[in-house]
Each structure stands twice: as C-alpha cells, then as structure tokens.
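In: sequence plus the predicted model coming up.
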Amino acid sequence: MFNFILKHSSIFLLNCIVALQVILDAIEQVGGIYVVTADHGNAEDMVKRNKSGEPLYDENGELQILTSHTCQPVPIAIGGPGLAPGVRFRNDVPDGGLANVSATVMNLHGFVAPEDYEPTLIEVVDN
C-alpha cells in the first residue's frame, strides 16, 4: 500500500509541475503576475506512526493515512513580468500565513485591502 501511495503521489506531483508550467507560460505571455502557495498539506509524512516511528495499520492491514495538516511553514512565490519594480516581502510580518494572502493579492492588483484584513506580505520600496 505504501508503494501505491508513493507512486501515485509522484505522478500527482509531476502533473502539478506540468500544469504549473502551462500557467506560468500563459502569465508570461500576457505580462501578468503569479502568486503560488499552498495550504498546510502533509506531504512530509503521509501515514500515521507510533511513538517509535513505525507506520500504523488498520484492522484490515492497510496503512492508516495521515490527513492532518502540517505545522511546517509553507512557502509563497510571487513574480512574473507584471510585478512592479521594488516589490518585496515585508520583514515586519514574521508569522505571515494564508490569512495574509488576500491583502497581498489585492495590493498586487493595485487595491488597498480593508482594515479588517490581515496585513499584506509585500511592500514597494524605491530602488
């Protein structure tokens, strides 16, 4: 079962990479901006484990799949030919997360986010 999971995860990852390249190529053609991030998935370990680190099995002998979210940081990438010069990540939002992405995307499109949004992850600095 574990090899099944690894094989299909690898195929899924490769399909994601191909799809992302199609999207990035389209953004390049229209002079757009991309924001790539993810929710807190659990790719670093996909099965439940006991205290010794050994995989856990259910009553049918199948691996118990881990569906909880990770506590690890999740990266965000922003770029593209439409990105204004001087845009950079802020240093004063050390614990930024998914809640900050909405304001960030609004700012990238030239809008000011409402005050009740979490702060943007970006700022524009003079070069």
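Out: Ah, there it is. Numbering: from 1, shown residues only.
In: for the residue nearest to residue 28 when sequence neighbours are not counted, report the pLDDT, please.
Out: Take residue 28 and drop its neighbours on the chain: the residue closest to it by Cβ to Cβ, 6 or more residues apart in numbering is residue 81, 6.2 Å away. Quick note: C-beta positions are derived from backbone N, CA and C, even for glycine. The model reports residue 81 with a pLDDT of 97.
In: let me see the contact set for residue 81.
Out: 27-28, 31-32 (Cβ atoms under 8 Å, 6 or more residues apart in numbering).
In: for these, which one is nearest residue 68?
Out: Distance to residue 68, by Cβ to Cβ, is smallest for residue 27 among those, at 32.8 Å.
In: part of a helix, is that closest one?
Out: Yes: per DSSP: H, G, I helix; E, B strand; the rest coil, residue 27 lies within a helix segment.
In: can I assume it is in contact with residue 77?
Out: No: with contacts counted by Cβ atoms under 8 Å, residue 27 stays clear of residue 77, the gap being 11.9 Å.
In: which residues do the two both contact?
Out: Taking Cβ under 8 Å, 6+ apart as the criterion, residue 27 and residue 77 both touch residue 34.
In: more neighbours: which of these two?
Out: Between residue 27 and residue 77, counted using other Cβ atoms under 10 Å, the more crowded position is residue 27 (16 against 9).
In: about what we covered before: so the residue nearest to residue 28 is in which element?
Out: In the assignment (DSSP states H and E), residue 81 maps to no helix and no strand.
In: now it: how far from residue 94?
Out: When distance is defined by Cβ to Cβ, to the nearest Å, residue 81 is 29 Å away from residue 94.
In: how far off centre is stretch 29-37?
Out: Stretch 29-37 sits 15 Å away from the centroid of its parent chain (Cα atoms, centre = their mean, to the nearest Å).
In: for it, what is the spacing between the initial and final residues?
Out: Using Cα to Cα, to the nearest Å, one end of stretch 29-37 lies 21 Å from the other.
In: if you skip the residues just before and after it, what's nearest to residue 113?
Out: residue 103 is the one closest to residue 113 (Cβ to Cβ, 6+ apart), at 3.5 Å.
In: no further queries at this time; thank you.
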